[in-house]
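Trainee: predicted model, plus sequence, below.
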Amino acid sequence: MTVIFAVIMTGVSLVLAVVITITLYRLLKITKKLQSALKVLADEQSNLVDQFSSVIEKTSADIQRYEMVVKSTQVVQKNLENTSNIVKNSLQEPTIKAKAAKSGISAGLKTFKERRK
């Protein structure tokens with residue numbers, strides 16, 4: 001009976017050894033596939049990082065150009081305001097002087113008429 005039991009145990013051990021060997025072989029294949037997939041992902045990640053860096057550089061350059069345009073626009077706006085003020089003042093001065101002259105002449109004529117009477 002012990003011989004039969006020993007033979008059965010040996011058979012079970014052999015079957016278990018084959019099952020474990022097949023399982024380990026499959027795990028090895030899966031591990032190789034995972035390594036390959038990880039390498040592909042790493043390459044894709046590297047490409048994405050390069051593309052992202054390129055986009056950031058282009059965006060940074062665009063932002064710098066935009067800032068330059070905004071600054072130029074501000075300078076032009078200030079120049080237009082100054083020009084507008086100069087034109088406004090140059091138009092107001094003669095008008096004020098003409099009104100003052102008219103007022104003075106009018107007052108002078110009024111005084112002249114009053115004294116003449």
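Mentor: Yep, it's here.

Trainee: low-confidence ranges, the protein, go.
Mentor: Judged by pLDDT under 70, the chain has its weakly predicted residues at 117.

Trainee: please repeat the previous calculation with a cut-off of 80.
Mentor: Applying pLDDT under 80 to the chain flags residues 1, 88-102, 104, 107-117.

Trainee: and the strands in it?
Mentor: Secondary structure of the chain (DSSP state E): no strands located.

Trainee: burial count for Gln74?
Mentor: A count of neighbours around Gln74, defined by other C-beta atoms under 10 Å, yields 10. Any C-beta I mention is one placed from the backbone N, CA and C, and that applies to glycine too.

Trainee: now Glu44
Mentor: Neighbour tally, Glu44, other C-beta under 10 Å: 10.

Trainee: for Ser106, same thing?
Mentor: Other residues within reach of Ser106, judged by other C-beta under 10 Å, total 10.

Trainee: swap in the one 4 residues further on?
Mentor: The number of residues packed near Lys110 is 10, by other C-beta under 10 Å.

Trainee: distance of it relative to Lys99?
Mentor: Distance from Lys110 to Lys99, counting by C-beta to C-beta, to the nearest Å: 16 Å.

Trainee: go ahead and flag the most central residue of the chain.
Mentor: Centrality entry for the chain: nearest residue to the mean C-alpha point is Thr59, 6.0 Å, by C-alpha atoms, centre = their mean.

Trainee: show me the contacts for that one.
Mentor: By C-beta atoms under 8 Å, 6 or more residues apart in numbering, no residues touch Thr59.

Trainee: quick check: it vs Asn47, distance?
Mentor: Applying C-beta to C-beta, the value for Thr59 to Asn47 is 19 Å.

Trainee: before we move on, what about Phe5?
Mentor: 62 Å.

Trainee: and what of Met1?
Mentor: Using C-beta to C-beta, we find Met1 at a distance of 68 Å from Asn47.

Trainee: try Leu27
Mentor: Leu27 sits at a distance of 30 Å from Asn47 (criterion: C-beta to C-beta).
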